[in-house]
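In: Here is my input; please provide its structure:
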Amino acid sequence: MKMNYAEWVCPECKTKNRETCNMWMYGSPIRECKACRSEYLDRRWREVAIDGFDPRSKNAKFYAKGAAFLLSMAIICGVLLQTSFVHGNNSTKLTLACILCSLFGVVSGFIALRIKLGFADKDNAKYMAESKARLGDPKYVEKLRKSGYKI
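Out: Sure, this is the predicted structure:
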């Protein structure tokens, strides 16, 4: 699931690079600058066949608890907002807090649901297959070894 963007500055030419990535930054840690084509190691990326999956990517309870907390905070903010409207006040900060808690609560719930329904496992299987395919290339494995990976 492509949701995020990763940004970095090339150590060689100092060009700012940006690309889409999945939520957990699974993929090759060897990055290539789009400007000068130099390669370098970016440890933010996880080669899942070596590093394994991020434990949070399989923990639906973590996201369900976060969703419950954030949605309860949104309800509390909503009640406080309603009370402030009754008294003739309009709190922008309270409105923003209510909206943000609701939004992040729904997103956390969506992630928990994806994990619970098995969509995250399907994605993880795809990432593992891609990782094993990359590790099937001896040149790539040698680059990783030179970068300090124990394969």
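
In: And the contacts of the worst-scoring helix or strand of the chain on mean pLDDT?
Out: Ranked by mean pLDDT, DSSP states H and E, the weakest helix or strand in the chain is strand 2-9, scoring a mean of 80. In this structure, residues lying in contact with strand 2-9 by C-beta atoms under 8 Å, 6 or more residues apart in numbering are 15-23, 25, 31, 42, 44-45. Heads up, the C-betas are built off the backbone N, CA and C, glycines and all.

In: do stretch 38-46 as well
Out: Counting contacts by C-beta under 8 Å, 6+ apart, the residues outside stretch 38-46 that touch it are 6, 8, 10-13, 21, 24-33, 52-54, 143, 147-148.

In: are any of these buried, and which?
Out: Neighbour counting over the contacts of stretch 38-46 (16 or more other C-beta atoms under 10 Å) leaves 6, 10, 21, 24, 26-31, 33, 53, 143 as the buried ones.

In: What is the neighbour count of C77?
Out: Applying other C-beta atoms under 10 Å, we find 21 other residues in the vicinity of C77.

In: Just the pLDDT for it.
Out: Residue-level confidence at C77 comes out at 92, pLDDT.

In: can you check the one 10 residues further on too?
Out: You'll see H87 listed with a pLDDT of 81.

In: which other helices and strands contact the first helix or strand past the least confident helix or strand of the chain going along the chain?
Out: With elements assigned by DSSP states H and E, the helix or strand that comes after strand 2-9 is strand 16-22. Counting contacts by 3 or more C-beta pairs under 8 Å, 6 or more residues apart in numbering; DSSP states H and E, strand 16-22 packs against strand 2-9.
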